[in-house]
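Asker: Here is my input; please provide its structure:
(2 chains)
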Amino acid sequence: MTNAISVSGLHKSFGRTHALDGLDLTVATGEVHGFLGPNGAGKSTTIRVLLGLQRADSGTVRLLDRDPWHDAVRLHRHVAYVPGDVTLWRNLSGGEVIDLYGRLRGGLDPARRAELVDRFELDPTKKGRTYSKGNRQKVALVAAFASDVDVLILDEPTSGLDPLMEEVFKRCVAEERERGRTVLLSSHVLSEVESLCDRVSIIRKGRTVETGSLAELRHLTRTSITAELAGPPDGLAHLPGVHALDVQGGRVRLQVESDRLDAVLTSLTRSGVRSLTSTPPTLEELFLRHYEETGR
Amino acid sequence: MSAYTGTAALTRLALRRDRLMLPLWALVTGGMVAGGAGPLGALYDTPAERAALAASMTANSSMRSLYGPVFGDSTGALVAWRYTTFAAVLAAVMSLIIVVRHTREEEETGRQEMLSAGRVGRRAPLTAALLTALVADAAVALIITAGLAGEGAGGALALGLAVGGTGMVFAAVAAVVAQLTESARLAKGLTATVLGLAFVLRAAGDAGDSPALTWASPIGWAQNVRAFAGERWWVPPLMAAAAVVLGAVAYGLAGRRDVGMSFLPARPGPAEGRIATAGGLAWRLQRGSLLGWTLGFLVAGVVFGGMVEGASDLVGDNEQARRIFERMGGQAGLENAFLATLTGLFGMVAALWIVGSVLRLHGEETSQRAEPVLAGPVSRLRWAAGHLAVAFGGAAVLMAAAAAGLTLAYGRDGGPVLGAALAQLPAVWVLGGLTVLLYGAWPGAAVAAWGVAGLCLALGWIGPSLDLPRAVLELSPYAHLPKLPGTEMAWAPVVLLTGLAAALVAAGLAGFRRRDLRS
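Answerer: Below is the predicted model of the structure:
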C-alpha cells in the first residue's frame, strides 16, 4: 500500500448543487499533502466523504485501502480528524474532550498529551463555552496529535491560532512526518503549506486543477527577472514564453515561463549583464492564478 | 445614541427569525380557547346542565386542582374555567422561549457581540426581545377576544388579557433569569421550573381552598380575572405591574454586567476526563436534565397524590362530573379514576421529555459536535444508542418517580400505582420512536415531533370534555392504553404499542445509517 488516500472521479451533489464534480486526489503514505482551493471549492465535502460521514454519489474513494463508507468504524481507529470549525460541549472541560476523543480511539499516551497541552499553552480546565475560537482549535489539535494514528486529516486547522501557535503546529506536523504518518492538510495559509507539504493538490469548483510537488508546480509557472544591461536588449520581444516585457534604457523587467529560461538568459548575456535578479514563483502566485481563473 | 438605539431594527430581526414559530404558536394557543365555546356549548346546551356541571366541579377538589375553580355557569365562564390554565401555560412557554432566544442565546452564540458592535444601545436587545414577546402575547389575546366576542365582549377581552398577561409575566421572569445564567438552555430550564412551580402552587391552592397559595401564582391570577363571571378588571393591571417590576430588575441586572457574562459564572472543570464511550458522553450530556425532570415528576406526584383523597368528596350521584371522570379515567371508582387520570397526564408530559431527549441527536448533529465523534471509531448505531437509551430509559425513570410521589402522598399500596404509571410507557415510547423515525429519515423535519407530541397532549387533555369522535381520539397512542389502576390490565395494546415503538426506532436508525451527516 503506497497510497494512503486515493480518490478518483468523485462526484457529490446536494440537491441541485454539484459540490464535487469528478475530483481526483492521491496522497502517498508518509507524505504531508496540501489541499488547496478557494472557499466553497469542495475541500470539506471531500474530507467528509473520506471520513465516511457523507456518501459519494459516484467515483472511487479509498482510505488506507478500504472503503470509508462501509469500513468507517474500522478505519477511524487509524485516523484523527480536526474540523475547521471546532464546536465543543459547553459544559465539558477541554481536558474531558481531549480524553474522550483519545479513549474512543483506544487511549492516549498521557506523557504525549501533557507535553502537547503544555506546548499549545492550553488550559484544559476551562469549559467548552468559555474557550475562544483559537483555544477550541487547540483542544482538537491536542486530541489529534496525541492519538496514535496513521493518518491525520486536518481541515484548515490553524484558523484562529496566533503566529506563535502556528509555529508550534508546524513543528507538530513535521514530527508527525518524521514518524511516518500521512497528513492531509487543507489550508489557506500558503507559507504553512509551502514549508510543510511534500505535494499539493489545488481544487476548484469540485475538480482537481493541479497536483504535484511544489517543484513540479513551479515548473509550470513564470520566473520574474530584472536585469541591468550594458547595451540595449536584442530580440527579447520575439522569444517565445516571454511576458510583461518592460524595457527602459538598459533596465529590463520581464516574466518568463520556466522552461524558456535558457533562451532568455542567452539573449541577455549577448547584451552584457551588469546585474540580474531572478525570483522564483511563489505558491501564492500559483494559487492566485488558479483562484482568479474561477472568476469569483 | 441612546440606550435604546436599534431597538426597532432588532425587533424586526426577531420577528423575521420567528416568522413561522410565532404565528403558529399564537394561533394554536388562541385558537384552542376561541374554538372551545362551540363544543362546550353544544355539550352542555341548557342552563340547567351547565349549572350542574359548575356545581359538581366546584365541589370536587381534585377537579379544582386540575382546572381551577368554576366562577360562573355561562358557556363563556365554562370556557374560561376549562382553558385558562392550559392557555396561560402555553402563552408562558411561548414567551419564555422568545425572550431567552433573543437575549441569552444570542450572547451565548456570540451573535450579540457583532450586533452590539454596531449602532445598538445597551438596552436595545432586551427591549427588542420583550417587544417581540409582547407582539406574540397581544396576538394570542386578540385571537381569544375576537373568537369569544359572541359570548360577551367584556368577558372575551378579560380572558384574552388574562392569558396574554400571564405570557408577559413569564416573559419578564425569563428576562431576569437570562441575566443570571451563561447558558440559554439553563435559562429556559430555570424559567420553566418557575412556571411549573406556579402551576403546582395554583393546583394546591385551588384544591385546598387556600387563596394565599393561588394568589402566589401568576396562573392563579389569570383564573381570578374571572372572565365571563363578573370580571375583576384590576387583575390585568396587576399582571402588567408585575411584568414591569420584573423587567426593571432585568434591566438593572443587565446594566451591571458585560455582554456574554452572567451572575452565575461557569466554574472550571476537571483537567482530565473519564468519559470513554459514546454512551458515556450521552449520559454526561443528558444526566442533568434527567435529574431535573425526575425531581419535577416526584414533586408533582406528591402534590397530586395528596388530592386523591378529595376525589371521594364528590357527591356520588353527580352525573356531570362522573361523565368527565369516566371519559378521562375510563372507569367508575372515583379514586382509581382520578389516579388513572393523573398517571395519564404524567404519561403525556413524559412525551415532552422523550421528544426533547431524542432530539438531542439532532442538536448534536446540526451543531457539528457529532462530526468529530463519528469521525472516531464509533458507529452511528452506537452513537445514537447512547442517547436513545437515556431517552427511553429516562421515560421509565420519570414514570417511576411520579408513581413514587403519588404513593408517598396517597399512602396506599404502591404496586398498582407503579403498574399504572409504567403502563403509560408504550405510548410514550411510540412518540419517542416517531421522533427517531423523523430524525433518521427526514432530519429536516425532525422538530415536527414536538407538534405530534403537542397534538397528543391536546387530545388527551381537552379531548374527553369535547365529545370528539372516537376515531380522532384514537389517533393518540394514549387512547389505546388500559385505564389503570382499577380495570383489568390489557396486555395486547401494551405489547402492540411497544412493538410499534421498536419498529419505529429500527426504521429511524436504518434511515440514519444510510443518509449523509448534515453539515
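Asker: going forward, measure contacts between C-alpha atoms and count neighbours the same way
Answerer: OK.
Asker: now chain A, which segments are flagged as low pLDDT?
Answerer: Counting by pLDDT under 70, the ranges of chain A that qualify are A:1, A:219-220, A:290-296.
Asker: Enumerate the residues of it near chain B.
Answerer: Counting by CA under 8 Å from any CA of the partner chain, the positions of chain A adjacent to chain B are A:51-55, A:72-77, A:79-83, A:86-89, A:92-101, A:103-105, A:123-127, A:129.
Asker: Just the buried subset of these, please.
Answerer: When neighbours are counted using 16 or more other CA atoms under 10 Å in any protein chain shown, the residues of chain A next to chain B contain these buried positions: A:51-55, A:72-73, A:75-77, A:79-83, A:86-88, A:92-101, A:103-105, A:123-127, A:129.
Asker: What's the biggest helix in chain A, counting residues?
Answerer: helix A:163-178 (DSSP state H).
Asker: elements contacting that helix?
Answerer: Of the remaining helices and strands, those touching helix A:163-178 by 3 or more CA pairs under 8 Å, 6 or more residues apart in numbering or on different chains; DSSP states H and E are strand A:182-186, helix A:190-196.
Asker: Could you check the angle it makes with strand A:182-186?
Answerer: Our comparison of helix A:163-178 with strand A:182-186, counting by axes from the mean of the first three to the mean of the last three CA atoms, to 10 degrees, yields an angle of 150 degrees.
Asker: Dump helix A:163-178 to PDB, restricted to CA.
Answerer: Taking C-alpha atoms only, helix A:163-178 is exported to PDB below (Å, rounded to 0.1, in the frame of the first residue of the first chain):
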ATOM      1  CA  PRO A 163       1.500  33.100  14.900                       C
ATOM      2  CA  LEU A 164       3.400  31.500  17.900                       C
ATOM      3  CA  MET A 165       0.900  28.700  18.000                       C
ATOM      4  CA  GLU A 166       1.100  28.300  14.200                       C
ATOM      5  CA  GLU A 167       4.800  27.600  14.700                       C
ATOM      6  CA  VAL A 168       4.000  25.000  17.300                       C
ATOM      7  CA  PHE A 169       1.500  23.500  14.900                       C
ATOM      8  CA  LYS A 170       4.100  23.400  12.100                       C
ATOM      9  CA  ARG A 171       6.600  21.600  14.400                       C
ATOM     10  CA  CYS A 172       4.000  19.100  15.400                       C
ATOM     11  CA  VAL A 173       3.200  18.300  11.700                       C
ATOM     12  CA  ALA A 174       6.900  17.900  11.000                       C
ATOM     13  CA  GLU A 175       7.200  15.500  13.900                       C
ATOM     14  CA  GLU A 176       4.300  13.500  12.500                       C
ATOM     15  CA  ARG A 177       6.000  13.300   9.200                       C
ATOM     16  CA  GLU A 178       9.200  12.000  10.800                       C
END
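Asker: In strands, which of the buried ones among the residues of chain A next to chain B fall?
Answerer: Taking DSSP state E as the definition of strands, those contribute A:Val79, A:Ala80, A:Tyr81, A:Val82.
Asker: List the beta-bridge partners for the residue nearest the centre of chain A.
Answerer: Using CA atoms, centre = their mean, the residue of chain A that lies closest to the mean C-alpha position is A:Gly34, 2.4 Å off. On DSSP bridges, the residues paired with A:Gly34 through beta bridges are A:Leu185, A:Val200.
Asker: Not counting stretch B:288-303 itself, show me its contacts.
Answerer: Residues outside stretch B:288-303 that contact it (CA atoms under 8 Å, 6 or more residues apart in numbering or on different chains) are B:200, B:204, B:346, B:353, B:394, B:397-399, B:401-410.
Asker: and it, how far out from the chain's middle?
Answerer: For stretch B:288-303, the distance from its own C-alpha centre to the chain's C-alpha centre is 14 Å (CA atoms, centre = their mean, to the nearest Å).
Asker: In it, which residues are buried?
Answerer: The neighbour-count criterion (16+ other CA under 10 Å) identifies B:Leu290, B:Trp293, B:Thr294, B:Leu295, B:Gly296, B:Phe297, B:Leu298, B:Val299, B:Ala300, B:Gly301, B:Val302, B:Val303 as the buried residues of stretch B:288-303.
Asker: per-residue confidence averaged over that stretch?
Answerer: For stretch B:288-303, the mean pLDDT works out to 88.
Asker: Nearest to chain B within the stretch 1-150 of chain A, name that residue for me.
Answerer: In the stretch 1-150 of chain A, the residue that lies nearest chain B is A:Glu96 (3.7 Å; CA to the nearest CA).
Asker: Can you name the residues that contact that residue?
Answerer: A:Glu96 makes contacts with A:Pro124, B:Pro270, B:Ala271, B:Glu272, B:Gly273, B:Arg274, B:Ile275, as judged by CA under 8 Å, 6+ apart.
Asker: Check chain B for the residue nearest chain A and tell me.
Answerer: Chain A sits closest to B:Gly273 of chain B, with a gap of 3.7 Å, by CA to the nearest CA.
Asker: What backbone torsions are found at that residue?
Answerer: Per-residue torsions, B:Gly273: phi -110, psi 160 (degrees, to the nearest 10).
Asker: ditto for A:Arg119
Answerer: phi -60, psi -40.
Asker: residues contacting it?
Answerer: Taking CA under 8 Å, 6+ apart, we find A:Arg119 in contact with A:Val168.
Asker: Go through whichever strand or helix holds B:Asp206 and flag the buried ones.
Answerer: Assessed by DSSP states H and E, B:Asp206 sits inside helix B:184-207. Within helix B:184-207, the residues scored as buried using 16+ other CA under 10 Å are B:184-192, B:194-195, B:197-207.
Asker: what comes into contact with that helix?
Answerer: With contacts defined as CA under 8 Å, 6+ apart, helix B:184-207 is touched by B:61-69, B:89, B:92-93, B:96-97, B:100-101, B:104-105, B:108, B:170, B:173-174, B:177-178, B:180-181, B:210-220, B:300, B:303, B:307.
Asker: hmm, back to that, mind putting the contacts of A:Glu96 into a markdown table with distance to A:Ser13?
Answerer: Listed next are the contacts of A:Glu96 as a markdown table, based on distance: CA to CA, whole Å:
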| residue | distance to A:Ser13 |
| --- | --- |
| A:Pro124 | 39 |
| B:Pro270 | 43 |
| B:Ala271 | 42 |
| B:Glu272 | 41 |
| B:Gly273 | 39 |
| B:Arg274 | 40 |
| B:Ile275 | 37 |
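Asker: mind showing which ranges of the stretch 351-500 of chain B have poor pLDDT?
Answerer: Under the criterion pLDDT under 70, the flagged ranges of the stretch 351-500 of chain B are B:464-466.
Asker: re earlier: mind listing what's buried in the longest helix of chain A?
Answerer: Within helix A:163-178, the residues that qualify as buried by neighbour count (16+ other CA under 10 Å) are A:Met165, A:Glu166, A:Phe169, A:Lys170, A:Cys172, A:Val173, A:Ala174, A:Glu176, A:Arg177.
Asker: from these, which is closest to A:Leu286?
Answerer: Closest to A:Leu286 out of those is A:Lys170 (21.9 Å), distances taken as CA to CA.
Asker: and the closest one, what does it touch?
Answerer: Contacts here follow CA under 8 Å, 6+ apart; on that basis A:Lys170 touches A:Glu192, A:Leu196.
Asker: redo that, cut-off 10 Å
Answerer: If a contact means CA atoms under 10 Å, 6 or more residues apart in numbering or on different chains, then A:Lys170 has A:Thr158, A:Glu176, A:Glu192, A:Val193, A:Ser195, A:Leu196 as its contacts.
Asker: Filter those residues down to just the buried residues.
Answerer: By neighbour count, with 16+ other CA under 10 Å, the contacts of A:Lys170 hold A:Thr158, A:Glu176, A:Glu192, A:Val193, A:Leu196 as buried.
Asker: Can you verify my assumption that the last one contacts A:Arg171?
Answerer: It stands for A:Leu196. Yes - A:Leu196 lies in contact with A:Arg171 (CA atoms under 10 Å); the separation is 9.1 Å.
Asker: shared neighbours of these two, anything?
Answerer: Taking CA under 10 Å, 6+ apart as the contact rule, A:Leu196 and A:Arg171 both touch A:Arg177.
Asker: quick revisit: can you tell me which of the buried residues of stretch B:288-303 is nearest B:Ala337?
Answerer: Taking CA to CA as the measure, B:Ala337 sits nearest to B:Gly301 out of those, at 15.6 Å.
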